[in-house]
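Engineer: Here is my input, please return the structure:
(chains A and B)
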Amino acid sequence: MIRFDNVSKRYPGGFDALRGLSLHVPAGQLTFLTGHSGAGKSTLLKLVSLIERPTSGNILIDGQNLNRVTRRQIPFVRRKVGIIFQNHQLLFDRTVFDNVALPLIIAGHDHREIGRRVRAALDKVGLLKHERAYPHPLSGGEQQRVGIARAVVNRPPLLLADEPTGNLDPELSREIMQLFEQFNQVGVTVLIATHDIDLISRMNHPILILKAGRLQAAGYARGAAP
Amino acid sequence: MIGRRSRKRGAAVRRPAPPPRNRKPRGGWRWPAWPQLRWPRLASPRVYAARHLQVLLESLGRLTHQPAASLMTAAVIGIALALPSGLLTLLDNLQRLSLSWEGTASISVFLNQELEAEAGQALAGELRGWPEIDEVRYISRAEALAEFREHSGFGEVLDALETNPLPSVLVVEPVKSDLTPAGAESLLQRLQALEGAELAQLDLQWVQRFAALMEIGRRGVLVVGALLGLAVLLIVGNTIRLDIQNRREEIEVTKLIGGTDAFIRRPFLYTGFWYGVGGALLAWLLVQLAFLLLRGPVARLAGLYDSSFLLQPLGFVDSLNLLLAGALLGWLGSGLAVGRHLREIEPS
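Structural biologist: You can find the predicted model right below:
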């Protein structure tokens, strides 16, 4: 689903975030991406979501080379990718329902279809009772769930999550991870950038470890069965 | 053939019954097979129109959240639009006034002093037969003298004269529809060439001069209108620029989840549209109010000139044009700002 082929990214200041990175995330798999701060996790996610462009190398998503995607085509690629941000990126002047409905409105679904899908997504993350609430009074974990509902409501084939459990306690973190596993079980490819080693080492999913812009190791956690 | 069909039927029978429709969505959450979204699915026209209508109303609602600020912007636009549209309406009124004079313009043919009264009458009768002439009035020398004595206030001067110095006059009224400047000119020359005519004079020259002045006025108003239209563009553009900056976060998030430029542009374009429409409505109100205030005094002045001239405010078509111009300027101004600033905002 995601293939990096000798990808380098140098930021204008001269900082090399990725140095000839090659990796492959197969379709239908839940993969963790980890490494120290500055190892290139965020840059990798930004390249996949077309927020940044690589300095060299090719990135393929679902067989599509992102280097050939023009500015005008970016939105349509992004619709295939559900992104979950550490800081949620919710719109605080709209209700939970309207936040989750936004991708569907953008895609041009009709009114009834939107209502149906948004409620299904909110129910999936356990927030159906808060659909009329504004995001502000919700807890951090609940806001994160709203973000997840928004990312999956359009049923994208690929989910990206950047530190989804960054500010949550272990109990909530595990629940969020279980949610991702459930999406993965219905066929979604999930890539989660995290440095919560404790949590992911107890889960049976492949882990990619970045170090200084290169792939240091790939495989399963020692404690988990392959 | 038959066997295959029956196998199919058998498979259908074994398929589990679909879940009841009104069940809670918890069980209904199924991920469908992934569509290959190489190309975007286009929204149906009905959904598209509904979306536009929704954004149209939403942007109006957003403006009413800050009534004072929105009204101020609309007022500035309104004043900028009111000036040229008010001046144009004034010019229209002046033109109407000059047309009503043009219609009554006549040609005075001063007859030879030696021409007898009967010959003058006969000439008048002959001229009445011309197709381009509507009416001919014969004013004898004595009548002319009496009229002059009454209106000029120089009666005593005339008394001092031994003979009547005034010639007899034929007042020729052309058929109104024929009265183009060129047609009037050719009629004038034919009258001038008449036997017994001393001088034919068209009382239209000042009307033509007035029309030329009006043309200059119209051009001037167009220049002022263009400048003020530009001002409206800039006002709307600047307001929308601030609006874009205030909603920066929303724009970034929308871009991140696949909003196209057109989708992001739409609410701002409609906001500009509403500013333009609001400004045009205020301009309309200002112009109508001003004309209402001027109407009485103008009617009194016209009365002093024996005219029933009435100042006409903005008509229906002109009001519609004003509204259209406002909406278009608002839309364009917003489009300029959005085109410049939306590209700068990219998620990071």
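
Engineer: Return the residues of chain A in contact with chain B.
Structural biologist: Contact residues, chain A versus chain B (Cβ under 8 Å from any Cβ of the partner chain): A:49, A:51, A:64, A:72, A:75-76, A:78-80, A:83, A:89-91, A:102-103, A:105-111, A:116, A:119-121, A:123-124, A:150-151, A:154-155, A:157, A:183, A:186-188. All C-beta atoms are positioned from the backbone trio N, CA, C, and that covers glycine.

Engineer: please redo it, this time with the cut-off set to 6 Å
Structural biologist: A:51, A:75-76, A:78-80, A:89, A:91, A:103, A:106, A:108, A:110, A:119-120, A:123-124, A:157, A:186-187 (Cβ under 6 Å from any Cβ of the partner chain).

Engineer: Next step: those restricted to strands.
Structural biologist: Judged by DSSP state E, strands contain none of the residues of chain A next to chain B.

Engineer: So for the longest helix along chain A, mean pLDDT?
Structural biologist: The longest helix of chain A (DSSP state H) is helix A:170-185. Helix A:170-185 shows a mean pLDDT of 89.

Engineer: Tell me which helix or strand comes right after it.
Structural biologist: For helix A:170-185, the following helix or strand on the C-terminal side (DSSP states H and E) is strand A:189-193.

Engineer: By neighbour count, which bits of the helix or strand just after that next one are buried? Give me those.
Structural biologist: Next helix or strand after strand A:189-193 toward the C-terminus (DSSP H and E): helix A:197-201. Buried residues in helix A:197-201, defined by neighbour count with 16 or more other Cβ atoms under 10 Å in any protein chain shown: A:Leu199, A:Ile200.

Engineer: looking only at pLDDT, what's the mean for helix A:197-201?
Structural biologist: Rounded mean pLDDT across helix A:197-201 is 85.

Engineer: What pairs with the following helix or strand past it, parallel or antiparallel?
Structural biologist: Of the helices and strands lying after helix A:197-201 in sequence (DSSP H and E), the nearest is strand A:207-211. Counting by DSSP bridges, the strands paired with strand A:207-211 are strand A:30-34 (parallel), strand A:214-219 (antiparallel).

Engineer: Could you save those strands as CSV and add columns showing mean neighbour count and mean pLDDT?
Structural biologist: Listed next are those as CSV, based on neighbours: other Cβ atoms under 10 Å in any protein chain shown; pLDDT from 0 to 100:
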stretch, mean neighbour count, mean pLDDT
strand A:30-34, 23, 93
strand A:214-219, 13, 84
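
Engineer: Need these in JSON lines (columns: distance to B:Gln66).
Structural biologist: Formatted as JSON lines, the strands paired with strand A:207-211 follow (distance: least, Cβ to Cβ, whole Å):
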{"stretch": "strand A:30-34", "distance to B:Gln66": "44"}
{"stretch": "strand A:214-219", "distance to B:Gln66": "52"}
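
Engineer: how about these, which one is nearest B:Phe148?
Structural biologist: Evaluated with Cβ to Cβ, the strands paired with strand A:207-211 place strand A:30-34 nearest to B:Phe148, the distance being 108.4 Å.

Engineer: need the next SSE after the closest one, C-terminal direction.
Structural biologist: Counting by DSSP H and E, the next helix or strand C-terminal to strand A:30-34 is helix A:41-48.

Engineer: model confidence over that next one, on average?
Structural biologist: What helix A:41-48 shows for mean pLDDT is 91.

Engineer: Run through the residues that contact B:Leu294.
Structural biologist: B:Leu311 (Cβ atoms under 6 Å, 6 or more residues apart in numbering or on different chains).

Engineer: The one 10 residues further on too?
Structural biologist: For B:Leu304, the set of contacting residues under the criterion of Cβ under 6 Å, 6+ apart is empty.

Engineer: try B:Tyr275
Structural biologist: Neighbouring residues of B:Tyr275 by Cβ under 6 Å, 6+ apart: B:Thr73, B:Ala74, B:Val236, B:Gly330.

Engineer: Restricted to helices, list the residues of chain A next to chain B.
Structural biologist: A:Pro75, A:Phe76, A:Arg78, A:Pro103, A:Ile106, A:Arg119, A:Ala120, A:Asp123, A:Lys124.

Engineer: Dump the residues you listed into CSV; add neighbour count and distance to B:Tyr270 as well.
Structural biologist: Below are those laid out as CSV (neighbours: other Cβ atoms under 10 Å in any protein chain shown; distance: Cβ to Cβ, whole Å):
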residue, neighbour count, distance to B:Tyr270
A:Pro75, 23, 20
A:Phe76, 17, 24
A:Arg78, 25, 24
A:Pro103, 27, 21
A:Ile106, 21, 17
A:Arg119, 19, 28
A:Ala120, 21, 31
A:Asp123, 19, 33
A:Lys124, 21, 34
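
Engineer: Would you map the strands across chain B?
Structural biologist: In chain B, the segments counted as strands under DSSP E are B:107-111, B:133-139, B:169-174, B:197-202.

Engineer: can you list those strands in TSV and add distance to A:Thr31 and mean pLDDT?
Structural biologist: Shown next, in TSV, are the strands of chain B (distance: least, Cβ to Cβ, whole Å; pLDDT from 0 to 100):
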stretch	distance to A:Thr31	mean pLDDT
strand B:107-111	99	84
strand B:133-139	97	83
strand B:169-174	95	83
strand B:197-202	96	81
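
Engineer: tell me the contacts of the closest residue to A:Ala39 other than its chain neighbours?
Structural biologist: In space, and not counting its chain neighbours, A:Ala39 is closest to A:Leu210: 4.1 Å by Cβ to Cβ, 6 or more residues apart in numbering or on different chains. A:Leu210 is in contact with A:Gly35, A:Ala39, A:Gly40, A:Lys41, counting by Cβ under 6 Å, 6+ apart.

Engineer: Could you pick out the buried ones from those?
Structural biologist: Buried by 16+ other Cβ under 10 Å: A:Gly35, A:Ala39, A:Gly40, A:Lys41, out of these.

Engineer: Look up how far B:Ser98 lies from the residue nearest to B:Leu97 when sequence neighbours are not counted.
Structural biologist: Spatial nearest neighbour of B:Leu97, chain neighbours left out: B:Phe309 (5.7 Å); criterion: Cβ to Cβ, 6+ apart. Look at B:Phe309 and B:Ser98: by Cβ to Cβ, to the nearest Å, they are 11 Å apart.
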